[in-house]
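**Student:** please work out how this folds:
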Amino acid sequence: MVDFIDRHRAEYGVEPICRELPIAPSTYHAAKACQADPACRSARARHDEALCVEIQRIFDDNFGVYGVRKVWEQLKREGYAVARCVATWRGFAYTAFVIDTFDDRIVGWRTSHSMRAGLVLDALEQALAARSTDDSDRGTQYVSIRYTERLRQVGIGPSVGSTGDSYDNALAESIIGLYKTEVIDRRGPWRTLSDVEYATLEWVGWFNNRRLLSSIGYVPPVEFEHAYYRKNEGQALAA
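**Tutor:** Residues are numbered from 1 along each chain as shown. Below is the predicted model of the structure:
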């Protein structure tokens, strides 16, 4: 996505492009800063880059026939402590979603190489541009101080219930499950974070505008939302 902005920024400018894409200008500028000075990257990002060299070496040394599991097993044999969730050829990829529970519409999302607080803050900022409320999944980053403070600033209560309140996370887990099944598992393996971003962008656009959801009467979320507003406007005019 950063490469896309680079190609078109001279014609349209960074801010206008970011308004149309699911990326905050600050995120773009931070990414450019890291490109200019690799020392600005997180320790996790630097570790992942170093690990990718070893992954490529193992793949090349074994005639290019090893899949994820065998590469992982070889890494363990050589003493590398790494989880079996290397989602791209260049490291890990994480995606955060913000979902409007009224119509199951994905109103904010962000993909990153690390589970930093900025990941969900970027998704939240995108959602705030389109909604006044949001729903979020639970996790360490989701209850971070920065995230909580931002929610408080705009008067939002995060969807973090007590232990056992599964209804708080059911919707988010359902949509994330669909995302993993229909995008990550089906269309992988993934080479780069940009590949994941573009695929996610396509899927979110389809999900919001064309996917038929049984929970809202077998119509797409955007269509359901527009119908709701048309109905309310009609009732207001009648009154």
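**Student:** tell me the phi and psi of the most centrally placed residue in the chain?
**Tutor:** Within the chain, the residue whose C-alpha comes closest to the C-alpha centroid is Thr95; the distance, by CA atoms, centre = their mean, is 2.7 Å. Reported as degrees, to the nearest 10, the phi and psi values for Thr95 are phi -120, psi 130.
**Student:** from what I see, it and His113 are in contact.
**Tutor:** No: in this structure, Thr95 is not within contact of His113 by CB atoms under 8 Å, at 11.2 Å. Every residue, glycine included, has its C-beta placed from N, CA and C.
**Student:** now stretch 95-104: average pLDDT?
**Tutor:** Regarding stretch 95-104, the rounded mean pLDDT is 89.
**Student:** what about it, start to end distance?
**Tutor:** Distance between the two ends of stretch 95-104: 17 Å, counting by CA to CA, to the nearest Å.
**Student:** show me where the protein has its strands.
**Tutor:** Counting by DSSP state E, the chain forms strands over residues 94-100, 105-112, given from the N-terminal end onward.
**Student:** between these, which gets nearest to Val183?
**Tutor:** Each of these was checked against Val183 via CB to CB, and the shortest separation belongs to strand 94-100, namely 9.1 Å.
**Student:** can you name every helix or strand that that closest one contacts?
**Tutor:** If contacts are counted by 3 or more CB pairs under 8 Å, 6 or more residues apart in numbering; DSSP states H and E, strand 94-100 sits against strand 105-112, helix 117-130, helix 167-179.
**Student:** those: which one's closest to Thr27?
**Tutor:** Across those, Thr27 has its closest neighbour in helix 117-130 (5.3 Å, CB to CB).
**Student:** make CSV out of the helices and strands packed on strand 94-100 and add distance to Ile58 and mean neighbour count.
**Tutor:** As requested, the helices and strands packed on strand 94-100 are arranged in CSV below (distance: least, CB to CB, whole Å; neighbours: other CB atoms under 10 Å):
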stretch, distance to Ile58, mean neighbour count
strand 105-112, 25, 23
helix 117-130, 29, 21
helix 167-179, 29, 15
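**Student:** kindly state which of the ones you listed is positioned closest to Lys231.
**Tutor:** With distances scored as CB to CB, the stretch of the helices and strands packed on strand 94-100 nearest to Lys231 is strand 105-112 (17.0 Å).
**Student:** quickly run through the sheet partners of the closest one, with directions.
**Tutor:** Looking at strand 105-112 with DSSP bridges, its partner strands are strand 94-100 (antiparallel).
**Student:** just the angle between the partner strand and helix 167-179, please?
**Tutor:** Here the directions of strand 94-100 and helix 167-179 differ by 120 degrees (axes from the mean of the first three to the mean of the last three CA atoms, to 10 degrees).
**Student:** how far does strand 94-100 sit from the chain's center?
**Tutor:** Between the centre of strand 94-100 and the centre of its chain there are 6 Å (CA atoms, centre = their mean, to the nearest Å).
**Student:** between the strands of the chain, which gets nearest to Gly177?
**Tutor:** Evaluated over those, closeness to Gly177 peaks at strand 94-100, with 11.5 Å, by CB to CB.
**Student:** out of the strands of the chain, which comes closest to Ala33?
**Tutor:** Comparing the strands of the chain against Ala33 with CB to CB, the closest turns out to be strand 105-112 (14.9 Å).
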